[in-house]
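Undergrad: need coordinates for the following:
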Amino acid sequence: MTRWLPRATIAVLAVVTTLLVFETKRLAEQVGTFEREAHEQRARADALAQAAAAAEVDGRQSPPTPADGANPPDPAPEPGPALAEFTRVKLELHTTREQLAAVTALLEQRNAELQRRAEEAEQRARELLRPMPEGVRLCLQALHDCLREEGFAQQRFLRAATLDDEGLHDVELLDAAADGLGVAFVQAARMTATLDRAAGRLELRFYDGTRTAGDERAALSEDGLPMVFEDVDGRMFEARLPFLVRGEGAYPVELPSAARPATDLDIGSRRQWLARIERVLAMAKTEVRWRPTRLRGLHDGAFLTVDLVGTDDRNHVVESAHCGRAQFEVDEKRGVVSLWMHGGVLRRGGLESTIGSEGYRMLLPGLTPSQVTDAMFGMVSKR
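TA: The predicted model follows:
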């Protein structure tokens, strides 16, 4: 984690900087447009002021006095047209000056907004480079460890600012997709952790922030963004994260807090078996490419609490499975290999079907019994 965190921080800074550059460019274009309009309005106001002054001088000029004995000059034309033109110019000048004042005020507002955004981005950059408090760092480390021990490896917390009775504040998280090809960046002002003791369900909920995935950036809803983890050891989370996790309800069976099933695998063994299962499934000639995303234990040649995802040619998740027990089954006489799953659910085509205790066999064409037996060190079920 020590080597990974600087790279993650740089990635977050790059995202923030990119967003700031685009926002600054947009505001700068608006400021330029308002400045050009203000310049045009000032030039128009000056021209109208000169026209108004000229019209006013012409209106005040009096006709010349005739000499003695000369015939009086013809009557002067009615001043109606000149007065109307003078009034029109004065009105247009007044309107232009009002428009100029409005554009100038809007220009000042945009300049102030641009300055505020720049100061906020600079402050945010300073906060990202500021080291986390030791207590917060230890809390995130413990949360990572607990999730990894439960088989959840797609979530990576980058940082948090403070920890109090209301949860973690100013949280940043990278959430990898189930197929391992996409990632979402979650930024929230607050995150809470709630544990349903009876169901063994941990819920992390993020409030007041954004979620960015690919080119899409969406604000979090008022109810927050939930991230749910099923079948977890609630006692372990409460023991290691007493200041963060809030437990609700009661445990169905009272066991010592340190007790864990003997079938659970340690982190190193779990990763090795996940990699081995993934290699076997990758060799199968199935229409959907399957890979495991979670594994908790091992007992009598079967894997316990297994999650699988299936992706198409475009790496989109189209199927998934969650089962309490799974094992590779080989039929040496027929040369058939299958993955036998028991107890859980299978999701495909938008539908969800239950996998009963009798199990569901997913054929793995393209594999031979000897290949699977060797790859799994003989840990297969023979039919």
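Undergrad: pLDDT weak spots in the stretch 251-383 of the chain?
TA: Scanning the stretch 251-383 of the chain for pLDDT under 70 picks out 253-260.
Undergrad: surely Leu274 meets Phe303?
TA: No. Checked against C-beta atoms under 8 Å, the pair Leu274 and Phe303 is beyond contact range at 9.4 Å. Every residue, glycine included, has its C-beta placed from N, CA and C.
Undergrad: looking at the two, which is more packed in?
TA: The neighbour count for Leu274 versus Phe303, taken as other C-beta atoms under 10 Å, is higher for Phe303 (26 against 20).
Undergrad: and the helices in the stretch 201-350 of the chain, which stretches?
TA: Counting by DSSP state H, counting those that start in this stretch, the stretch 201-350 of the chain has helices at residues 234-240, 267-283.
Undergrad: show me the strands in the stretch 51-200 of the chain, by range?
TA: Remark: strands assigned in the stretch 51-200 of the chain by DSSP state E, counting those that start in this stretch are 155-159, 162-164, 167-176, 183-196.
Undergrad: turn those strands into a markdown table, columns for mean neighbour count, mean pLDDT and distance to Arg240.
TA: As requested, these are arranged in a markdown table below (neighbours: other C-beta atoms under 10 Å; pLDDT from 0 to 100; distance: least, C-beta to C-beta, whole Å):
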| stretch | mean neighbour count | mean pLDDT | distance to Arg240 |
| --- | --- | --- | --- |
| strand 155-159 | 20 | 90 | 15 |
| strand 162-164 | 14 | 89 | 14 |
| strand 167-176 | 20 | 91 | 15 |
| strand 183-196 | 19 | 94 | 11 |
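Undergrad: turn these into a markdown table, including distance to Asp264.
TA: Formatted as a markdown table, these follow (distance: least, C-beta to C-beta, whole Å):
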| stretch | distance to Asp264 |
| --- | --- |
| strand 155-159 | 20 |
| strand 162-164 | 28 |
| strand 167-176 | 23 |
| strand 183-196 | 18 |
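Undergrad: select, out of those, the one closest to Arg348.
TA: Proximity to Arg348 (C-beta to C-beta) singles out strand 167-176 among the strands of the stretch 51-200 of the chain, at 22.2 Å.
Undergrad: just to revisit the earlier point, joint contacts of Leu274 and Phe303?
TA: Leu295 (C-beta atoms under 8 Å, 6 or more residues apart in numbering).
Undergrad: show me the domain layout of this protein.
TA: Split into domains by automatic domain parsing, the chain comes to 4-65+77-129, 134-248, 267-382.
Undergrad: distance between the ends of the last one?
TA: Domain 267-382 has an end-to-end distance of 28 Å (C-alpha to C-alpha, to the nearest Å).
Undergrad: run a quick neighbour tally on Ala219.
TA: Ala219 has 10 neighbouring residues, counting by other C-beta under 10 Å.
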